[in-house]
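Q: A structural model of the following input is requested.
(one chain, ligands or ions: 1)
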Amino acid sequence: MSPVALADRAEQMRESPSVAAAQRVRELRAAGREILDLTVGEPDFDTPDHVKAAAIAAMAAGLTKYTAVNGIPELRRAIMARILDRTGITVGDSEITVGGGAKQVIFMALMATINNGDQVIVPSPYWVSYPDMVALHGGTPIVVECPESDRFLLTAAKLAAAITPATRWVILNGPSNPTGAVYSAEELAALATVLERHPHVSVLCDEIYDEIVFTDRRTPSLLSVAPHLRDQILVVNGVSKAYAMTGWRLGYGVGHPRLIAAINKLQSQSSSCPSSISQAAAAAAISGDQTFVTESIASYRARRDLIFDLLADVDGLTPVRPQGAFYLFIGCAGLLGKRTPDGRMLRDDQDVVLYLLETASVATIQGSAYGAPSYLRVSFATSTDVLRTAAAEIAKAVAALS
Ligand code: PLP
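A: So this is what the prediction gives:
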């Protein structure tokens, strides 16, 4: 028996599949293989200089101590201004919490609200962490399949059918990781009509990719489409994706004061507050010059079009053009049942991922990790050279199947 006894929850927890994929790439590279990595869930850009400068200035000014649990006033003001600009809604101090990334805010929100047996509606394809976080806190993830024919989005009818007296939350993520799908204002309004009838159901709107959209208009937020549901909505966002700040670990939540107070209490007993320096940097990112965001979106858009066009030409792959985020979700059902040159049959998306890794040296992630078997996720937050080479290698490997 191992000398280290673990709690049941730790025994049951799975490692994040995207973290596992990144680890596999690191191991192969350490073994001397050249891998084209399309698994990465973060911008390939560096954090903008003015944001770094704000962090350096904060350190120089001695902002190196614990802060208030709900963050420094500059950050809260920046968040308030952004919410007002995006939704037309004025929020106060008591409605804002800050944490070590959007991930930690979601974790704490679920921890603060889920009792054993509570249900959380998770539309699939979903971000890998939602079901595990729900289960970790004793809840039951109710996975609702949202097929490609529904643009991978939750419909009002499916939401209505999934709600029970035990439903505590529904999680909406747009632009979505992994599909890049975005809810329109009309689709959100239809969901809101269902939610109005079920005030016991809260909505966690994960808007971490809301800046990264390729349509001409901004992504609508449920908060602006249905302000009367404000008490039921928790908006989660952060600086990781829009400002290339994944390592700074800074996210925030905006919601009902009672929920925010509970999250803050958890924060006070776990990490006390996010890094003071990251808070100063995030305040500068959110309230400062937004040129970086505009320029990076233009770059992501060009790369999306490049990788989409290249892979759409590969027989057996059916990419779905994303409206936002930096992932391409690709149907691979056309490859299943085919045989590799050494005679192995590709039975599922995991087999396809392994085949592409072994034969094309391209790392992708299987759709089943996101609750959508027969798909692959590739990230296009990488250089056009890598994208071109990876697409050519994938095409070659696919052509070798019989
Ligand atoms: N939500 C989604 C949908 C994500 O894809 C990610 C990161 O991959 C996060 C939340 C976490 O973001 P953060 O870096 O702010 O914790």
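Q: CA only for contacts and neighbour counts going forward, please
A: Fine.
Q: check contacts around the residue of the stretch 251-400 of the chain found nearest the ligand.
A: Here the residue of the stretch 251-400 of the chain nearest the ligand is G251; by C-alpha to the nearest ligand atom that distance is 5.0 Å. With C-alpha atoms under 8 Å, 6 or more residues apart in numbering as the criterion, the residues that contact G251 are 98-105, 236-240.
Q: try 10 Å this time
A: Under the criterion of C-alpha atoms under 10 Å, 6 or more residues apart in numbering, the contact partners of G251 comprise 97-106, 208, 236-240, 274, 278-279, 282.
Q: domains in this structure, as residue ranges please.
A: According to the domain assignment given by automatic domain parsing, the chain is divided into the following structural domains: 8-46+292-399, 49-287.
Q: Between those, which one is closest to S2.
A: With C-alpha to C-alpha as the criterion, S2 lies closest to domain 8-46+292-399 of the domains of the chain, at 12.6 Å.
Q: Next, see if the closest one gets close to the ligand.
A: Yes. Remark: domain 8-46+292-399 sits within contact range of the ligand at G41, by C-alpha under 6 Å from any ligand atom.
Q: per-residue pLDDT, R24?
A: Here the pLDDT value assigned to R24 is 83.
Q: That one: neighbour count?
A: Close neighbours of R24, defined as other C-alpha atoms under 10 Å, add up to 13.
Q: A strand includes it, no?
A: No. R24: not assigned to a strand; according to DSSP: H, G, I helix; E, B strand; the rest coil it is helix.
Q: quick one: contacts for S299?
A: S299 makes contacts with 293, 381, 383-384, as judged by C-alpha under 10 Å, 6+ apart.
Q: For the residue nearest to the spatial centre of the chain, give its distance to the ligand.
A: Using C-alpha atoms, centre = their mean, the residue of the chain that lies closest to the mean C-alpha position is N177, 4.8 Å off. When distance is defined by C-alpha to the nearest ligand atom, to the nearest Å, N177 is 5 Å away from the ligand.
Q: contacting residues around the closest residue to that residue other than its chain neighbours?
A: Computed as C-alpha to C-alpha, 6 or more residues apart in numbering, the closest residue to N177 that is not its neighbour in sequence is W127, at 5.6 Å. When contacts are counted by C-alpha under 10 Å, 6+ apart, W127 touches 16, 18, 173, 176-179, 206, 369-371.
Q: With A280 instead?
A: Listed by C-alpha under 10 Å, 6+ apart, the contact set of A280 reads 51-59, 63, 71-75.
Q: What segments of this protein are helices?
A: All helices of the chain, identified by DSSP state H, fall at 8-12, 17-30, 49-60, 73-87, 102-113, 129-136, 156-162, 185-196, 222-225, 257-270, 276-287, 291-312, 349-355, 384-399.
Q: Mean neighbour count, those helices: which tops it?
A: helix 276-287 (a mean of 24; mean count of other C-alpha atoms under 10 Å).
Q: quick one, that helix and helix 49-60 angle?
A: Angle, helix 276-287 to helix 49-60, by axes from the mean of the first three to the mean of the last three C-alpha atoms, to 10 degrees: 140 degrees.
Q: Do helix 276-287 and the ligand come into contact?
A: No. Residues of helix 276-287 are not located near the ligand by C-alpha under 6 Å from any ligand atom, the shortest gap being 11.3 Å.
Q: Could you check the angle that helix makes with helix 73-87?
A: Interaxial angle, helix 276-287 versus helix 73-87 (the same axes, to 10 degrees): 30 degrees.
Q: Tell me which of the helices of the chain sits nearest to F214.
A: Closest of the helices of the chain to F214 is helix 291-312, at 6.2 Å (criterion: C-alpha to C-alpha).
Q: Those residues of the stretch 51-200 of the chain touching the ligand, which are they?
A: When proximity is defined by C-alpha under 6 Å from any ligand atom, the stretch 51-200 of the chain lies next to the ligand at 101-103, 127, 177.
Q: I'd like the residues you listed as TSV, with distance to L110 and pLDDT appended.
A: Converted to TSV, these look like this (distance: C-alpha to C-alpha, whole Å; pLDDT from 0 to 100):
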residue	distance to L110	pLDDT
G101	15	98
A102	12	98
K103	11	97
W127	15	97
N177	19	98
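Q: which among those gets closest to I163?
A: Closest to I163 out of those is W127 (20.4 Å), distances taken as C-alpha to C-alpha.
Q: Can you pull out the low-pLDDT segments for the stretch 1-150 of the chain?
A: In the predicted model, the stretch 1-150 of the chain carries pLDDT under 70 at residues 1.
Q: Could you rerun that using 90?
A: Residues of the stretch 1-150 of the chain that meet the criterion pLDDT under 90 lie in 1-3, 8-28, 40-41.
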